[in-house]
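Asker: prediction below, plus the sequence it came from.
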Amino acid sequence: MSGTPHGHTDTPHAPVFTGNIRTRLDALFPSYPTRQACLLPALWMVQEERGWISEPAMAEVAEVLGLTPAYVKGVVTFYTMYHTHPVGRHFIQVCTTSPCNLCGAEAVLKALLRGTGCGELGATSADGRFTVTEVECLGACGFATPIMINDDFIEGVTPERVPGILQGYK
Amino acid sequence: MLSRHFGDAGARTFDGWVQRGGYAALRKALAMKPEAIIEEVKASGLRGRGGAGFPTGLKWSFMPRGDGKPHYLVCNADESEPGTFKDREIMRWTPHQLLEGCAIAAYAIGAERCYIYIRGEFTEPLRVMQAAVAEAYAQGALGASALGSGTRIDVVLHRGAGAYICGEETAMMNSIEGRRGNPRIKPPFPAQAGLFAMPTTINNVETLASVPHILNRGADWYKGLSLSNPKSTGTKLISVCGHVQRPGNYEVTMGTPMKELLFDMCGGMKPGRTLKAVIPGGSSVPIMTAAEADDCLLDYEGVVARGSMLGSAGMIVMDDSTDLVYQIWRLARFYAHESCAQCTQCREGTAWTTKILERILAGRGKASDIDLLLSLSESMTGKTICVLSDSCAAPIVSGIQKFRSEFDAYLSGARQPALAMA
Amino acid sequence: MTDRVSVTIDGAQVSVPKGTSIIEAAKQAGVLIPHYCYHPSLHSPAVCRMCLVEVEKAPKLMPACVTTVTEGQVVHVNSAPARQAREGVLEFLLANHPLDCPICDQAGECELQDYTFQEGRAAGRHDDYPKRYNPVEEFGPDVLYVPNRCILCTRCVRFMEDVAEDGVLNVSERGDRATIGIFPERELDHPWAGNVVDLCPVGSLISKDFLHKARAWDLDRTASVCPGCTQGCNITVDTRDNTVVRLRPRANLDVNRHFMCDEGRMDYRWMNRGDRIEAPLVLEGGRHHAVDWDTALERFGQATRGGSGAAVVLASGRASLESLGWIRRLLARYRVTAAVQVPMGNEAPLAGVPGLALRAERAPNAHGARVLGYDAPWASAVAAAGKAALVVLVDVTLTAAEAAGLAGAGSVVVLGTVEAEAWARAGLVLPVSTMAEEHGTWMNRDGRIQRFQQARAAPGMARPAWWVAVGALEVAGDMADRPATAAEAFAGLGAHWPVLAGLTYEDLGLSGRLATPPMAEAAR
């Protein structure tokens, strides 16, 4: 039996929590009795800044909050909205859970995969513009099919609307 | 009452809300003793609107008094139950309605801080709530001396990051603490040792938004809003989705007939279609047949009497074009995706039942698969830390019990496969 | 109002302290409730769901590991609902668990196997679905993680976080995609990390050192004590065909709970050395000749019988109380300078268990030796040896300089195991057994006297050092009651050392006993 050794990252990690971002994090501390409780907000800050959360970034967050890197990684991998690898400039989430499924969500999903050129779920388009993923209930079931493109929440998407929507995201 | 100002952009601002009668209830509450507020809410019969239906006043009364520990209120704005989309509307349109309810509740339970846990995908509600919180502080409704009362009430917005299970109250507390969203074993109960091990109450958005109205118009008035069973009082926001003409949120008085909601308010089925099934409470409850829906009353007891549960009242409507086996598979897939992985039955069972349903849909099911699904569902029910496992089993068991012919059609080959399997 | 609660478990009534969990109360009732994630030295998360029991008047099955007993509670562990629940858990665990038993080290000591045989389904129903697959990972210098076998009990994560206080493991992902993870660029190299292999109920975390070395059912297991340091962790010595193949910790809540350090765990190869002296040797004509024990003991007895003057004993920190005691008895007529050899190393505490550490004094009987009068500083004892009438070496390793310093001694007698240069001048070289090859006792740093037991046969004619001393005493005519067993040798120490007076092996049992009055050493 052979084991799989762990890889290293090659490019040095530039710290996220400096200057303004560090100030924003520090401003959060009084809102919680523990530093650990700032973990989810801190991870959001990393993702907003870098687009995804790398392992060195996880180690940095761990250091700043007094946690272990393994602990932080365990939390990051639990929550599906944190990206652990780079994604397209415009990250598209499509709800296909039953309520939306009943209202044609899968057709919307297919239309988006075609329209973005991604072809496959989770893959990034060749021009780096889009990544399309299938997600669970987005909480807008009465306005099927809802999608998110980065932080934009777009309701009532149909296959017909897809080309027009995508045009707005360069 | 709750939905009165949905669509009214002016209701979003602090001043707009005050003009519409807002913050009077908070002012009134701050002049009352906390115990009196709890008694009022108890008397109103308000029950948790997140799905469990637990009497709210009773839950508040579990909080210790004079224990000297920090108390916390957590507002559950994680709204991830498939079919449910009411809390987002409350936050998007009437953020101050929610804030006012939170403030009153916090005061009543002796909490100086309220965390509002908003699911990560709710970017617009988050933005609206952020603006509203800032305004409330600026106007002195929140802060060291709420409305000049000398009582501190702080609100902290906490953003989730994509996990349905964080809507479970103990998982939510873990998530706020910066942990994986794993549900906790009970005891200890949140009122004894909850958030940061301190006494905590967790309430749903809709529940808290109802509180100012109870304070303004009195428990008796709220109790009077009851068409059927006196144990179910007030109004309920029902999120109707799926195969109806007019999906959306509808605020109904407790005890309203389901038929009236679906066929009058929502405009009934699409042309040429008939009702086949309804999942009334968000997806985690047994599926109802059209016959069961026909004379079902929309309150906690009424839905139980028809073999299901009101739950979060996220009503998923399915007409006769629905492939029920396919939808049950899709729900099982949902639960498999959302299982936190702690309990053996849930971790493995949600995935396994999904695989079996997938095989049935792919035309490769075996006759023994039905019994296997029922057997696994039983192993998944009543044996885990939280009820996600039970929630996965509910549509499967009720689907097999009430729509057996649909499964048989796939098993016998009478129906063409809906999926291709590798 | 008493502090005890009376409960009935599977018909057996027991009285236990308030706050006891059902799972612990059941042990007292003689009922083992099957479980995985629970462990008496870890906080219980109640996630495996294996310990669900039926409690009368409770609406649901209750997890026995986190449910405390209440007065008059009636618990059914083997009723139909409880058995069905366990059968369900086992089926779910086996759904993706590979049928690796033929190649898995855990086979024969695997709790998944055991409970499945006991009460699992006869046949699985997860047929022709492909099982989840993840490749094996190297977690650390000794630990391999086999994700496919993992049942996600999380004992390893909780041990590293809460007991080792080195949070290097996590649970990654969610649902049935979850596995145990380790952060890249970190290793499972904590000094106590090897315990995760013991904690793992299945063959998911395994030891590279033990990989494919022996089948569990081929092993003989002997309760013993770790010879690594003065903490005295209780261990089990696993042997196969007279070869020591593994050391594992043995539970002792007062000494080491359920743990042992990696340094102790890995240090057993010396017990299997093949280059042992196997016959007594006498020096004649400048060479050592093999003789029988009668001859050797005769020589030794004669040498010490008429003895007077200075004698120096240099003893190994692993020598037993029996051996050290009877050697001093043998040398009673001399002015004895006795010292014990104690190698030193860095201390490595197990943070979550107060009082437990890999100790700086890397000798299991350092304290016991000093109590028995082996308290001279090493260097001065070695210096004194150069002028002594008699020097007795008890399984010590001397440097070249130390060995050369013996040149001036009157006579040198070696009780040893592996040949060394120091013996070149020794008039007598007597082969003795190691702690793995004899019964004996040590006193740890807390003053706890603990028994170690014979796990393998001593090579050739090697005998315990106490037996050699007793044999010489008999020749010298100084024996009234000759101890014939280690137990008798131990019991005989009490006459000369009050701290051991009246104690027998029965008193010590296999968990040991604190000496009275308590004889813990000041922090060393």
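Answerer: Yes, it's here. Values in this document were obtained by computation on a predicted structure and should not be read as measured data. Numbers count the residues shown, from 1 in each chain, chains lettered A, B, ... in the order given.
Asker: hey, let's count contacts and neighbours off CA atoms from now on
Answerer: OK.
Asker: elements contacting the helix or strand containing residue C:382?
Answerer: According to DSSP states H and E, residue C:382 maps onto helix C:378-385. Helices and strands touching helix C:378-385, by 3 or more CA pairs under 8 Å, 6 or more residues apart in numbering or on different chains; DSSP states H and E, are strand C:310-316, strand C:335-341.
Asker: mind giving me the packing neighbours of the last one?
Answerer: Using 3+ CA pairs under 8 Å, 6+ apart, the elements in contact with strand C:335-341 are strand C:310-316, helix C:366-371, helix C:378-385.
Asker: quick check: can you list the domain ranges of chain A?
Answerer: What automatic domain parsing lists as the domains of chain A is A:19-76, A:90-167.
Asker: so the first one, near chain B or not?
Answerer: By that I understand domain A:19-76. Yes: against chain B, domain A:19-76 shows contacts by CA under 8 Å from any CA of the partner chain at A:31, A:33, A:34, A:36, A:37, A:38, A:39, A:40, A:41, A:74, A:75.
Asker: can you lay out the residues you listed as JSON lines showing neighbour count and distance to residue C:336?
Answerer: Listed next are the residues of domain A:19-76 next to chain B as JSON lines, based on neighbours: other CA atoms under 10 Å in any protein chain shown; distance: CA to CA, whole Å:
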{"residue": "A:31", "neighbour count": "17", "distance to residue C:336": "71"}
{"residue": "A:33", "neighbour count": "11", "distance to residue C:336": "64"}
{"residue": "A:34", "neighbour count": "15", "distance to residue C:336": "62"}
{"residue": "A:36", "neighbour count": "20", "distance to residue C:336": "62"}
{"residue": "A:37", "neighbour count": "22", "distance to residue C:336": "65"}
{"residue": "A:38", "neighbour count": "23", "distance to residue C:336": "67"}
{"residue": "A:39", "neighbour count": "25", "distance to residue C:336": "66"}
{"residue": "A:40", "neighbour count": "25", "distance to residue C:336": "69"}
{"residue": "A:41", "neighbour count": "18", "distance to residue C:336": "71"}
{"residue": "A:74", "neighbour count": "25", "distance to residue C:336": "62"}
{"residue": "A:75", "neighbour count": "25", "distance to residue C:336": "64"}
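Asker: mind checking what secondary structure the closest residue to chain B within chain A has?
Answerer: Closest residue of chain A to chain B, CA to the nearest CA: residue A:37 (4.2 Å). The assignment at residue A:37 comes out as helix when based on DSSP: H, G, I helix; E, B strand; the rest coil.
Asker: check residue B:193 too.
Answerer: coil.
Asker: now the element after the helix holding residue C:382, going C-ward?
Answerer: Counting by DSSP H and E, what follows helix C:378-385 is strand C:390-394.
Asker: can you list the residues that contact that next one?
Answerer: If you take CA atoms under 8 Å, 6 or more residues apart in numbering or on different chains as the criterion, strand C:390-394 is touched by C:310-316, C:319, C:385, C:409-416, C:465.
Asker: I would like the residues contacting the following helix or strand past it, please.
Answerer: Counting by DSSP H and E, the element after strand C:390-394 in chain order, helix or strand, is helix C:400-404. For helix C:400-404, contacts defined as CA under 8 Å, 6+ apart pick out C:382, C:421, C:422.
Asker: ok, 6 Å please
Answerer: residue C:422 (CA atoms under 6 Å, 6 or more residues apart in numbering or on different chains).
Asker: out of the domains of chain A, the one nearest residue B:138 is which?
Answerer: domain A:19-76 (17.5 Å; CA to CA).
Asker: pLDDT of that closest one, averaged?
Answerer: The average pLDDT within domain A:19-76 is 97.
Asker: how about stretch B:132-151?
Answerer: Rounded mean pLDDT across stretch B:132-151 is 97.
Asker: next, the distance between the ends of it.
Answerer: 20 Å (CA to CA, to the nearest Å).
Asker: so that stretch, near chain A or not?
Answerer: No: if you take CA under 6 Å from any CA of the partner chain as the test, stretch B:132-151 misses chain A, and the best it gets is 12.4 Å.
Asker: show me what that stretch is in contact with.
Answerer: B:152, B:153, B:154.
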